[in-house]
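J.: Let's see this in three dimensions:
(one chain, ligands or ions: 1)
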Amino acid sequence: MELINKGMCQLKNSRDQLLQARAVRRIHMKRVVVLGNGGHGKVIQDIINHYSTEYQLAGVLDDHYTSFVNNGMNFFEGLISDANYLSRSYPDLFFIVGIGDNRARKSVVDKLDIPRHRYATVIHPSAMISPTSEIGNGVAVIAGAIVNPHSQINDHVILNTSSSVGHDCQIEDYVHISPRVAIAGGTKVQEGAHLGIGSVTIPGVEVGRWSTVGAGGVVTDHIPDDTLAVGVPAKAVKYYN
Ligand SMILES: CC(=O)SCCNC(=O)CCNC(=O)[C@H](O)C(C)(C)COP(=O)(O)OP(=O)(O)OC[C@H]1O[C@@H](n2cnc3c(N)ncnc32)[C@H](O)[C@@H]1OP(=O)(O)O
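T.: Next comes the predicted model:
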């Protein structure tokens, strides 16, 4: 009985130590507000809440909320436009736009008056990013994503679940690389392009600005701007302008 009591006591002590360590760590964590509470916003919140050692969640803004609330624990809820007030009033807060649609994500960033350095990049711990690659601000790197050497990932990009970016790639602002997309070495994906789930590129191709590659498409040649390309090999089937 004494042994059991001793064991229970040790267990409680180590749990207390763990909780204490977590509390200390939280004090040093940066506070981030997620803009958007839809599917992608929830994935980012999940990473921050359960896996991040750098950020803690300080609020969620979404235009489905009706009024601005600070619940007394300094957790903010309100409209996306309230981010301007938060940015001015709390200089230590960071922000990330958690909206999957590329144009909507850009429109939010354009409307807000938040300096670039206040946008946080949130990275799932299972992602692997070569230290020779550069990642911009406001980027979401979801579980299992891989970035190989000498690639450049610009601002407000989404590298979704289990996607891979090869060596020497350039991924411009507001691009969405969907789950299980494989980008071969030397690919350039221009601003706002969306590579649909499971699509792939062969080495050295370019995907034009605000173009979409349909799910499962294989890009074997340059895709012009504002184009929907689908199939294997991916062919243009629609022009957005
Ligand atoms: C965690 C997450 O969920 S991340 C989100 C990931 N989301 C995605 O990957 C989205 C993938 N979506 C798609 O592939 C969609 O089919 C889209 C976006 C390409 C459809 O775009 P739309 O502009 O609505 O095109 P629309 O549906 O009119 O299709 C145009 C033509 O392309 C065909 N087409 C559409 N998608 C595909 C595809 N993936 N492969 C082959 N053909 C396709 C359609 O059948 C249609 O052909 P038709 O004109 O002969 O009938």
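
J.: I'd say Q170 and V147 touch.
T.: No. Taking CB atoms under 8 Å as the definition, Q170 is not a contact partner of V147, at 11.8 Å. Any C-beta I mention is one placed from the backbone N, CA and C, and that applies to glycine too.

J.: So if I had to pick from these two, which one is more boxed in?
T.: Ranked by neighbour count (other CB atoms under 10 Å), Q170 and V147 place V147 first, with 28 against 16.

J.: list the contacts for P149?
T.: For P149, the contacting residues are 130, 132-133, 167-168, by CB atoms under 8 Å, 6 or more residues apart in numbering.

J.: so which of these comes closest to D92?
T.: For the contacts of P149, the residue nearest D92 by CB to CB is S133; the value is 27.8 Å.

J.: From H124, how far off is that closest one?
T.: Look at S133 and H124: by CB to CB, to the nearest Å, they are 16 Å apart.

J.: same question, G136
T.: 17 Å.

J.: cool, P224 as well?
T.: Counting by CB to CB, the gap from P224 to H124 is 33 Å.

J.: Of those two, which one has the most company?
T.: Between P224 and H124, counted using other CB under 10 Å, the more crowded position is H124 (20 against 13).

J.: Residue in the protein with the shortest distance to the ligand?
T.: G214 (3.0 Å; CB to the nearest ligand atom).

J.: Quick check: beta-bridge partners of the nearest residue to that residue once chain neighbours are set aside?
T.: Spatial nearest neighbour of G214, excluding adjacent residues (CB to CB, 6 or more residues apart in numbering): V230 at 3.4 Å. Taking DSSP bridges as the rule, V230 bridges to K235.

J.: which residues does V230 contact?
T.: Applying CB under 8 Å, 6+ apart, the residues near V230 are 213-214, 217, 237.

J.: Likewise for I99?
T.: By CB under 8 Å, 6+ apart, the neighbours of I99 are 35-36, 38, 40-41, 105, 108.

J.: could you flag which of the contacts of V230 are buried?
T.: 213-214, 217 (16 or more other CB atoms under 10 Å).

J.: Just the buried ones from the contacts of I99?
T.: Here, 16+ other CB under 10 Å leaves 35-36, 40-41, 105, 108 buried among the contacts of I99.
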